[in-house]
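Asker: quick one, structure for this:
(one chain, ligands or ions: 2)
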Amino acid sequence: MREKIQRLITAGTDGLDKAADILFPPRCPLCERFLIGREKYVCADCAVKLPLIRQPFCLRCGRPLEDAGAEYCFHCERTGWYFDEGRCTFIYTGALKEALLRMKFKNHRDYIPFFAASMAGSGRDFLKTRCPDMIIPVPLHERKAKERGFDQCALIGEQISRITGIVQRRDILIRGRYTSAQKGLLPAQRMKNLAGAFSLRDGTLPGGAGVLLVDDLFTTGTTINECARVLKEGGAGKVWFLALAAPEI
Ligand SMILES: [Zn+2]
Ligand SMILES: [Zn+2]
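Answerer: Ligands and ions are numbered 1, 2, ... in the order given. Got it, this is the predicted structure:
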């Protein structure tokens, strides 16, 4: 075994991935059983019951809609967003929700390839017709990134960038002010909590740039909207987003 791993380690990056697979065989992010045979990212049982958001969804924010005849959700009908449009991949529920929480709080970076591939796959047609110039992950405050050990949106964005060929920029939008968690706050309180949290490092963007924000969870839309506001004030033309998950409205 040791020789086999040694050989793989000396074989380059692909070899390193394979070596890691031998040392830490990949598990399904949803049910945590070991992947076998041709299973990639998730096990065959979970693959058929992924809570993917399908039509009908809100054409503005991408959240699932109950009424197949409606184009926009209740929130988008009455909210003047700064972002243009976005898509969410999964409904934030059940095993998927648990997996997202394990990624964030139990250091499961190993789920990121699955999350990124799912987002790039479900967002493929959306991206093809919008053609963003760059990906900007919703920035995490440095202190939080240090506490967590990694910045999940930046890692997801990096993999989406690799799959789609859209360049990721982490040097434009920064999170300056430390904010308390948004969970449990009402929309107006969330907005107040985030005021002044984001800014542009150099004050501007390449004029008219089309930006794709990447976030893990779209709930009230306050975070994405605040990022979009700052980007547009800095000269962005369009601001779209991809979010890994959104709760049912
Ligand atoms: Zn599974
Ligand atoms: Zn909506």
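Asker: please count neighbours and contacts with C-alpha atoms only from this point.
Answerer: OK.
Asker: could you pull up the mean pLDDT of stretch 192-211?
Answerer: Across stretch 192-211, the average pLDDT comes to 86.
Asker: what of stretch 169-183?
Answerer: pLDDT averaged over stretch 169-183 gives 82.
Asker: any idea how far apart the tips of it sit?
Answerer: 27 Å (C-alpha to C-alpha, to the nearest Å).
Asker: what's near enough to touch I166?
Answerer: Neighbour list for I166: 132-135, 160 [criterion: C-alpha atoms under 8 Å, 6 or more residues apart in numbering].
Asker: same thing but 6 Å
Answerer: M134 (C-alpha atoms under 6 Å, 6 or more residues apart in numbering).
Asker: and the pLDDT for it?
Answerer: 98.
Asker: against ligand 2, how distant is it?
Answerer: Counting by C-alpha to the ion, to the nearest Å, the gap from I166 to ligand 2 is 25 Å.
Asker: quick one: that residue from I156, how far?
Answerer: 13 Å.
Asker: so where is the protein shaky, pLDDT-wise?
Answerer: 1-23, 178, 180 (pLDDT under 70).
Asker: let's see 80
Answerer: For the chain, the stretches with pLDDT under 80 are 1-24, 177-195, 203-204, 249.
Asker: could you pull out the strands in it for me?
Answerer: Along the chain, counting by DSSP state E, strands occupy 85-91, 134-137, 167-168, 173-175, 198-200, 210-217, 238-246.
Asker: how about a markdown table for these, with mean neighbour count added?
Answerer: Below are the strands of the chain laid out as a markdown table (neighbours: other C-alpha atoms under 10 Å):
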| stretch | mean neighbour count |
| --- | --- |
| strand 85-91 | 25 |
| strand 134-137 | 24 |
| strand 167-168 | 19 |
| strand 173-175 | 21 |
| strand 198-200 | 21 |
| strand 210-217 | 25 |
| strand 238-246 | 25 |
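Asker: for K183, find the nearest of those.
Answerer: strand 210-217 (11.4 Å; C-alpha to C-alpha).
Asker: show the contacting residues for the closest residue to K238 other than its chain neighbours.
Answerer: Residue nearest to K238 in three dimensions, not counting chain neighbours: G210, with 4.7 Å by C-alpha to C-alpha, 6 or more residues apart in numbering. For G210, the contacting residues are 132-133, 237-239, by C-alpha under 6 Å, 6+ apart.
Asker: between these, which sits nearest ligand 2?
Answerer: The nearest member of the contacts of G210 to ligand 2, counting by C-alpha to the ion, is V239 at 15.1 Å.
Asker: tally of neighbours for the nearest residue in space to T204 that is not next to it in sequence?
Answerer: If the residues on either side of it in the chain are set aside, T204 comes closest to G234, at 4.4 Å by C-alpha to C-alpha, 6+ apart. Look at G234: counted by other C-alpha atoms under 10 Å, it has 20 neighbours.
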